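The following comprises the amino acid sequence and a computationally predicted model.
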Amino acid sequence: MSSALTIVSNAIEDARSNFQSVLADRSINFEREAGFALQAITASDYIMGVARGNRQSVVNAVTNIAAIGISLNPAKKQAYLVPRDGNICLDISYMGLMDLAMATGSVQWAQAAIVHEADGFTLNGYDRPPTHEFNPFAKDRGEPIGVYVVVKTADGAYLTHTMTTDAVNAIRDRSSAWRAWMTKKKSCPWVTDWAEMAKKTVVKQAYKYWPKTERLEKAMHHLNTDGDEGIVDAEAKPTIDVTPMIADALRTETDEGALAFWRANCGSLANDRSAYERLKQAVMDHRTKLRAKESAVDAQESSQGDEE
C-alpha cells in the first residue's frame, strides 16, 4: 500500500469513534461508508493530494455522513466527497436532500424537474401538484426556462416552489465555485452539471416552507457552513398580505361560489405557505357557515312544502 493511500485509510479509520457516537440513522454502517469514502478519494490523484494534505477534513467529512444520516453509496446518488479550498467536504445532492426529507417524515413524496421552452407548465396551488407536460422523446425541448420542486406533506397538501433560470443563475453567480470558474477556470459543477445544481438550488430554497426535522436542518446547515458552498442566501420575500383576498372570499354568498373563489385564487399564493393557509382556513370556515345556512333554507322550504 502506498504511503498516500495509507494516510488516507488511517484518516478514515480515525473517524470511526466519532462516526458511531453521532450516528443518526442506524441503517448506516461505518465499514460500508468507509469503503465508499476510500473509493471516492482514490478516484483521482488530485483528491488524494488534498486528502493527504488535510487529514482532519477527511475525518470531519466522514463524521458528517453519520451526523446527517446519509450515504456515500454511488448507487443512491445522495452525497459525495469533493475537494474544496484545500479541504475534503461532504457534498449533498438534491436527491440526497429529498431522500432525507422523506426518510425523516418532513414530506411523503418529492420531485424536482427542469422546465424547458417547449414544455407546458401550470401551477395548481397547494392542493394539487403542478401540471408539467412535455415529450420525453423530443430531440429538442428548447432552452431551460425554470426549475421546480413539488412535495406532498404528511397531511396530503402539495407544496410547489418554482424558480426561473435567471433566479437560479443569480444564486449561481454568488457561489464561490462559480467565481473560481470565472477567475481561474477551475472545475465547476455549475458548468458540468447545471441541471443538477439548479434542482439543488430550488430544493434548498423550498425547504424553508417544509415541515422541519432535525436531520434535514443539519444537512442544510452543513451545506451553508461546513460544506462551504459559498452561496449567500437571498433575502426572504415578504409574506403576502392576504387580508383583502379573505375579505373578497367572505363576500361570496354560496358554497359553490366560495369554492370557485378558492380555486381561482389559491394558485397566486403558491410560494407563500403562510398566506395560503390563512386564506384556506378562512374559506373553509366560510363554506361551513354557508352550507349550514343553505341546509337551513332547504329544511324550511321542505317544511313549508309539507304543510301545503
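Yes, it's here.

Which stretches in this structure count as strands?
Ranges of strands in the chain, per DSSP state E, are 79-84, 87-92, 109-116, 120-122, 131-133, 144-152, 158-164.

contact partners of the third one?
In this case it means strand 109-116. 94, 98, 101-102, 121, 132, 134, 141-152, 195, 198-199, 202-203 (CB atoms under 8 Å, 6 or more residues apart in numbering). Backbone N, C-alpha and C define where each C-beta goes, glycine included.

Ok, the last one next?
Applying CB under 8 Å, 6+ apart, the contact partners of strand 158-164 are 107, 123-130, 145-153, 198, 201-202, 205-206, 209-210, 270-271, 273.

which residue packs closest to D248, ignoring adjacent ones?
F261 (7.0 Å; CB to CB, 6 or more residues apart in numbering).

In contact with that neighbour, which residues?
Applying CB under 8 Å, 6+ apart, the residues near F261 are 248-249, 252, 283.

do that again at 10 Å, thanks
245, 248-252, 279, 283, 286-287 (CB atoms under 10 Å, 6 or more residues apart in numbering).

just to revisit the earlier point, ok, of the contacts of strand 109-116, which come out buried?
94, 98, 101-102, 121, 134, 144, 146-152, 198-199, 202-203 (16 or more other CB atoms under 10 Å).

now, which of the contacts of F261 sits nearest G35?
G35 lies nearest to L279 out of the contacts of F261, by CB to CB, at 51.6 Å.

What's the separation between that closest one and F121?
23 Å (CB to CB, to the nearest Å).

Could you list the low-pLDDT ranges of the protein?
1, 126, 226-239, 267, 270-274, 301-308 (pLDDT under 70).

How about C266: what's its closest non-neighbour residue?
Excluding the flanking residues, the one nearest C266 by CB to CB, 6+ apart is G125, at 3.6 Å.

Tell me which residues of stretch 17-24 come out buried.
For stretch 17-24, burial by neighbour count (16+ other CB under 10 Å) applies to 18-19, 23-24.

again with stretch 287-302
Going by neighbour count (16+ other CB under 10 Å), the buried part of stretch 287-302 is 287, 290.

Kindly report the same for stretch 243-257.
245-246, 249, 252, 255.

just stretch 216-226 next, same as before
Within stretch 216-226, the residues that qualify as buried are 216, 218-220, 222-223, counting by 16+ other CB under 10 Å.

got TSV for these, with distance to I65 too?
Below are the buried residues of stretch 216-226 laid out as TSV (distance: CB to CB, whole Å):
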residue	distance to I65
L216	15
K218	11
A219	11
M220	16
H222	10
L223	14
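
V8: which of these is nearest?
Relative to V8, the closest of the buried residues of stretch 216-226 is H222; by CB to CB it sits at 21.6 Å.

Give the full set of residues in contact with the closest one.
64, 67-68, 70, 89-92, 228-229.

could you dump those to CSV with neighbour count and distance to R291?
Formatted as CSV, the contacts of H222 follow (neighbours: other CB atoms under 10 Å; distance: CB to CB, whole Å):
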residue, neighbour count, distance to R291
N64, 24, 53
A67, 20, 51
I68, 28, 47
I70, 28, 48
C89, 21, 56
L90, 26, 53
D91, 18, 52
I92, 25, 47
D228, 16, 55
E229, 23, 51
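
for the chain, which helix is longest?
If you go by DSSP state H, the chain has its longest helix at helix 273-307.
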